[in-house]
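Visitor: return a 3D structure for these sequence lines:
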Amino acid sequence: MKHKKLLATTLALALTAALFPTVGNVSASADELSAADAYFLDFVSDDLGDAEITYQSSPLYDETLEQNGYEYVFEADGQSGFALIHEIELGNAIFYELEELSYNGVSPFAESEGLPVYITFCLYLDYVDGAFYNLETGAAVGEETLAAATATRFGYQGGSSHYIEQSYTITYDHKTVTESGIQYAVPDYSPATGTSCANAAGGILIGYYDRFYANLMPNFQSYLMIGTNVVYRGNSQEIEDMIISLKDLMGTDDTGTTYTGFNAGMTSYVQSKGYTYTTTSLFTNNTFDFGRYKTTVDGGTPVAFFLNGYAMSGTETGDGVDTENNAISGNTHVAIGYGYRESFYYDANNNVVFTQRYLLVSSGLAIYGLCNFNIAYGTINKAIAVTIA
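Guide: Numbering: from 1, shown residues only. This is a model prediction of the structure:
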């Protein structure tokens, strides 16, 4: 999947979108498509190639029952899928951001009998007869759940003050462990006061590329050379000032930083220093491609992960038994991947009995720093290889 361009239109144009379901296909001309339709088709066509795509779109709503996006139900190559697209306002423009997508699944709003309400990731509500209902459970939804959803919306907020501890054991005869990634890793920054994890993550990328392009942080060097080794500086006033500037550029607010805002802010900052910012998705058919990730970081390119839940993990090794200790958070978060660890566990007959994969990340969390994220926990919403040149 190649990088998806962010399609923007003016607010006036965005509000001309139909209030009732619309039907179309990929052969429609650009002039006949709404901005949301064009964004949807551009995104899925990268995966589906020349396949004929038929689709139906209908509005999604927020907790105030104002339209805030679109549900797309589509068919291609004999399979049915869905996409949930949210409107993001940045400055004087509306951007469309794909939040959830399946190429072979039924929309979570398929059973909606009233107004489909989509406030945050993986929460699907139906507004019927003056009340909100959870479409997955059928239960009525109270003010506390709505308040929690609106506090996050589609922003990435960062660290948690509460982690759930969970452990499991792996019994084996022998194992192989591979660890690799970017030489000297990446910087270890945490958010400056009043900023988000996404702002710190953007700062980590800038600090890394400052090794190669000094003007990214004018009059400041993000690293030291100790012999032949690169050692990154930690949070300093210069670094915190840079992270604070990213907060404004990314449109960060109390709900966090959107994926769209992250890329818009990074583009603005990098271009202001005379460089270019480009990204490549590491998803293949809407699934995170661990193999492509390994190739990417082994080639020296860091990866920004946009997460809905995550787990920091460590391994205690015994005699034929490993214990995996995980600290699990349900928060949204942005972290920068620089490497990986992959363990294959075998029985006495040399059969693989378990595979353990970690992302080696700069967590953007002050107390954890560079750490391991267990890929088995949480959801990777997006993973983009980031190049500044």
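Visitor: gap between residue 86 and residue 79?
Guide: Distance, residue 86 to residue 79, by Cβ to Cβ, to the nearest Å: 24 Å. To be clear about C-beta, it is placed using only N, CA and C from the backbone, and glycine gets the same treatment.
Visitor: comparing those two, which shows the higher neighbour count?
Guide: For residue 86 versus residue 79, neighbours defined as other Cβ atoms under 10 Å are more numerous around residue 86 (24 against 13).
Visitor: now the host helix or strand of that one: buried residues?
Guide: In the assignment (DSSP states H and E), residue 86 maps to strand 79-90. Buried residues in strand 79-90, counted by 16 or more other Cβ atoms under 10 Å: 81, 82, 83, 84, 85, 86, 87, 88, 90.
Visitor: next one: stretch 61-72
Guide: 61, 62, 63, 68, 69, 70, 71, 72.
Visitor: average pLDDT across it?
Guide: Average pLDDT, stretch 61-72: 98.
Visitor: that older thread, export the buried residues of strand 79-90 to JSON lines and append columns for pLDDT and distance to residue 188.
Guide: Below are those laid out as JSON lines (pLDDT from 0 to 100; distance: Cβ to Cβ, whole Å):
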{"residue": "81", "pLDDT": "96", "distance to residue 188": "39"}
{"residue": "82", "pLDDT": "97", "distance to residue 188": "39"}
{"residue": "83", "pLDDT": "97", "distance to residue 188": "36"}
{"residue": "84", "pLDDT": "98", "distance to residue 188": "34"}
{"residue": "85", "pLDDT": "98", "distance to residue 188": "35"}
{"residue": "86", "pLDDT": "97", "distance to residue 188": "32"}
{"residue": "87", "pLDDT": "95", "distance to residue 188": "35"}
{"residue": "88", "pLDDT": "92", "distance to residue 188": "29"}
{"residue": "90", "pLDDT": "88", "distance to residue 188": "29"}
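Visitor: just checking, residue 52 touches residue 74?
Guide: No. Counting by Cβ atoms under 8 Å, residue 52 does not reach residue 74; the two are 10.4 Å apart.
Visitor: who does the biggest strand by length in the chain touch, helix- and strand-wise?
Guide: Identified as the longest strand of the chain according to DSSP state E is strand 321-346. Where contact means 3 or more Cβ pairs under 8 Å, 6 or more residues apart in numbering; DSSP states H and E, strand 321-346 is packed against strand 164-171, strand 174-181, helix 197-209, helix 290-298, strand 303-317, strand 352-362, strand 370-374.
Visitor: most neighbours per residue, which of those?
Guide: helix 197-209 (a mean of 29; mean count of other Cβ atoms under 10 Å).
Visitor: quick one: list the elements packing against that helix.
Guide: Counting by 3+ Cβ pairs under 8 Å, 6+ apart, helix 197-209 packs on helix 237-249, helix 259-272, strand 321-346, strand 379-388.
Visitor: residues of the third one that come out buried?
Guide: Along strand 321-346, these residues count as buried under the neighbour rule (16+ other Cβ under 10 Å): 322, 324, 326-329, 331-345.
Visitor: what does stretch 122-139 give?
Guide: 123, 124, 125, 126, 127, 132, 133, 135.
Visitor: avg pLDDT for that stretch?
Guide: So the average pLDDT for stretch 122-139 ends up being 97.
Visitor: hmm, back to that, how about the buried residues of strand 79-90 in CSV, adding distance to residue 368?
Guide: Shown next, in CSV, are the buried residues of strand 79-90 (distance: Cβ to Cβ, whole Å):
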residue, distance to residue 368
81, 36
82, 35
83, 34
84, 31
85, 33
86, 30
87, 34
88, 29
90, 30
